[in-house]
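Peer 1: Got a sequence here, can you model it:
(chains A, B, C and D)
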2 protein chains.
Amino acid sequence: MPLTAMPGHLIRRLHQLSTATFSEGMKAAGIDMTSVQFAALQTIHDTPGIDQARLAHHIAYDRATIGGVVDRLERKGWVTRSINPEDKRARQVALTGRGRAILRKAAPIISDLQSDILSGLSDAERAQFIALANKAVGVEGGFDPSR
Amino acid sequence: MPLTAMPGHLIRRLHQLSTATFSEGMKAAGIDMTSVQFAALQTIHDTPGIDQARLAHHIAYDRATIGGVVDRLERKGWVTRSINPEDKRARQVALTGRGRAILRKAAPIISDLQSDILSGLSDAERAQFIALANKAVGVEGGFDPSR
DNA sequence: TCAATATGATAAGTATACATATCAATTAGA
DNA sequence: TCTAATTGATATGTATACTTATCATATTGA
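Peer 2: Numbering: from 1, shown residues only, chains lettered A, B, ... in the order given. Here you go, the predicted model:
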């Protein structure tokens, strides 16, 4: 079976293309942010005070991985971590002023980047791809690395 | 822009699903092999004596990453590395008997796994996805991490 | 209520991934 | 032909990712 017939290989290539496009776009905009960091920031913005476990679950990250991501966000001064008094195991994460500012700056750039990721496709094809990808990913709960 | 409309996010989820499906399948078959290792083995099989740089280029890997992958394949006794007498910089990689055996065992299992990766799609949709992915990835040479 | 279980987080170990720097060997060009 | 640029590989540093183990805290059920 040739590589071009293997979804596994194609998806790896797409992922490669996607992250490369993202980091080039961010670099061009002078922002030091990875796609994972953006997704985390956006979710924290939408759900202030969310804890790491729920953050991981929401964007389908591994619970072990999210710790390092939040570490780096904290080191950049974009988020703060605090212990939830209701549940002392949980770390609540919230955006700082600088975090909100960088997110405001990055969000529109990243929205624009989305079509560049699939620049080889027409608008109709891109819509079709998004529909198929959502369907493939949405299967019966799908794979959830946070559990 | 919601995550479900972002190709970048969807592709990351697909990649996650794809690698999880692969490793579960391999684990079930009692084979300790990652998808990256399989692609490398298959290419070495098809091109005996290929050097690391061409191997990386062929499957769109990073030149720096391939070294570690080949290290692990070598440690498992599946490949051997030798210096190309024609170009003493280059390391030629070749399968061992055990490498050929494990590849023979794994290849059909992995072929079967390919449809499981996109199990949420019908056969027609899967074919459509593969066509779109190939088109998206094939853009003007696309991104080549090995350069 | 007290033990069993579950859950949030972190640590350690393994495997990608890529950028950048460096070294050695090769090739190209003045 | 001799230097400059290129190329194969490795080393270093950063960032994901996931598994398994462990710790601390919560929750639950007998």
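Peer 1: contacts and neighbour counts: CA atoms only from here.
Peer 2: Noted.
Peer 1: So which residues of chain A form helices?
Peer 2: In chain A, helices defined by DSSP state H lie at A:7-28, A:35-46, A:52-58, A:63-75, A:97-117, A:123-137, listed in chain order.
Peer 1: Packing partners of the shortest one?
Peer 2: Think helix A:52-58. helix A:35-46, helix A:63-75, strand A:87-95 (3 or more CA pairs under 8 Å, 6 or more residues apart in numbering or on different chains; DSSP states H and E).
Peer 1: Could you export the ones you listed as CSV, including mean neighbour count?
Peer 2: Output for those, formatted as CSV (neighbours: other CA atoms under 10 Å in any protein chain shown):
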stretch, mean neighbour count
helix A:35-46, 18
helix A:63-75, 15
strand A:87-95, 18
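Peer 1: mind putting the ones you listed in JSON lines, distance to DNA strand D and mean pLDDT included?
Peer 2: Listed next are the helices and strands packed on helix A:52-58 as JSON lines, based on distance: least, CA to the nearest atom of the strand, whole Å; pLDDT from 0 to 100:
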{"stretch": "helix A:35-46", "distance to DNA strand D": "4", "mean pLDDT": "94"}
{"stretch": "helix A:63-75", "distance to DNA strand D": "4", "mean pLDDT": "93"}
{"stretch": "strand A:87-95", "distance to DNA strand D": "3", "mean pLDDT": "94"}
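Peer 1: what about those, which gets the closest to B:D123?
Peer 2: helix A:35-46 (31.3 Å; CA to CA).
Peer 1: ok, that closest one near DNA strand C or not?
Peer 2: No: on the criterion CA under 7 Å from any atom of the strand, helix A:35-46 is out of touch with DNA strand C, staying 12.4 Å away.
Peer 1: Against which helices or strands is that helix packed?
Peer 2: Partner elements for helix A:35-46 (3+ CA pairs under 8 Å, 6+ apart): helix A:7-28, helix A:52-58, helix A:63-75, strand A:87-95, helix A:97-117.
Peer 1: Would you mind saying which of the ones you listed lies nearest B:R54?
Peer 2: Of all the helices and strands packed on helix A:35-46, helix A:7-28 comes closest under CA to CA, at 16.9 Å.
Peer 1: list the contacts for the residue nearest in space to the middle of chain A?
Peer 2: What sits nearest the mean C-alpha location of chain A, by CA atoms, centre = their mean, is A:A39, with 3.1 Å. The neighbours of A:A39, taking CA atoms under 8 Å, 6 or more residues apart in numbering or on different chains as the test, are A:I59.
Peer 1: Spit out the contact partners of A:R81.
Peer 2: Contacts of A:R81 by CA under 8 Å, 6+ apart are A:E74, A:R91, A:Q92, A:V93, A:A94.
Peer 1: Please repeat the previous calculation with a cut-off of 10 Å.
Peer 2: Listed by CA atoms under 10 Å, 6 or more residues apart in numbering or on different chains, the contact set of A:R81 reads A:G49, A:D51, A:Q52, A:V70, A:D71, A:E74, A:A90, A:R91, A:Q92, A:V93, A:A94, A:L95.
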